[in-house]
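Chemist: Structure of the sequence below:
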Amino acid sequence: MVDGGVAGLVLAAGAGRRMGGPKALLRLTPSGPALVESTVSGLQDAGVSEVHVVVGHSAPSVRLRAERVGGLVVEAEDWAEGMGASLRCGIKALETTDARAVILMLVDLPDVGASVHARLLASVDGDLDGVLVRAAFDGRAGHPVLIGRSHWRLIRQHAVGDHGARTYFDSHRPQLVECGDLATGQDIDRPGDI
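Modeler: Got it, this is the predicted structure:
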């Protein structure tokens, strides 16, 4: 089990064009929290006290909701480039902290919560700075991903367009941790996915 040294990073900068608006602001029930709020809270509930949130589209509204639950907000001015820009921005912000690893989480995975994050954290045995562990759902790699600090610089270099860290993971295979008993890991892209 990891004791401290892990920050959270939530990518919440997208416009959600297929959804009809930013997914970070989406509520699954009329009186429920916005996805950005529940995503930050899920990381906190797993013991991750410092959660950074990358905002872009609708930044003031997403910032308000993220900060309401204790998220530390950083704005990606080039967010429209895609996930790669958000990831670069988030890692750059983390490099100024003392964090030795980060749990990278996307904002549009509503059933992935504290139990999945806790399982990833519990899987670490040894060097936190070098860890590379990814949640899997029925054998399929997904999010979140626990990434040690020694990987950050190269991930930032590989993060381009909508690929995020995918190119880096092609040559540096994360250890998969099965979490299909805890969540589906399915993202929501369109209103019919809710």
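Chemist: Contacts only, for the most centrally placed residue in the chain.
Modeler: Central residue of the chain (CA atoms, centre = their mean): Met105, 1.4 Å from the mean position. Met105 is in contact with 8-11, 39, 42-43, 112, 117, 143-144, counting by CB atoms under 8 Å, 6 or more residues apart in numbering. In short, each C-beta sits where N, CA and C put it, glycine included.
Chemist: can you do 7 Å?
Modeler: Contacts for Met105 (CB atoms under 7 Å, 6 or more residues apart in numbering) come out as 8-10, 39, 43, 143-144.
Chemist: now swap in Val102 and tell me
Modeler: By CB under 7 Å, 6+ apart, the contact set of Val102 is 6-9, 94, 147.
Chemist: could I get the residues you listed as TSV with neighbour count?
Modeler: As requested, the contacts of Val102 are arranged in TSV below (neighbours: other CB atoms under 10 Å):
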residue	neighbour count
Val6	26
Ala7	24
Gly8	27
Leu9	30
Leu94	24
Ile147	27
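Chemist: In strands, which of the residues you listed appear?
Modeler: Per DSSP state E, strands hold the following members of those: 6-9, 147.
Chemist: Determine which two of those are furthest apart.
Modeler: The two members of the ones in strands among the contacts of Val102 with the most space between them (CB to CB) are Gly8 and Ile147, at 11.4 Å.
Chemist: can you list the residues that contact the helix or strand of the chain with the lowest mean pLDDT?
Modeler: When the helices and strands of the chain are scored by mean pLDDT, DSSP states H and E, helix 166-171 comes last with a mean of 88. The contact list for helix 166-171 (CB under 7 Å, 6+ apart) reads 154-155, 158.
Chemist: again, but for stretch 121-140
Modeler: Counting by CB under 7 Å, 6+ apart, 1-2, 5-6, 46-47, 100-101, 116, 120, 141-151, 172, 174-180, 183-185 sit against stretch 121-140.
Chemist: Just the buried residues of that stretch, please?
Modeler: Residues of stretch 121-140 classed as buried: 121, 123-124, 128, 131-137 (neighbour count, 16 or more other CB atoms under 10 Å).
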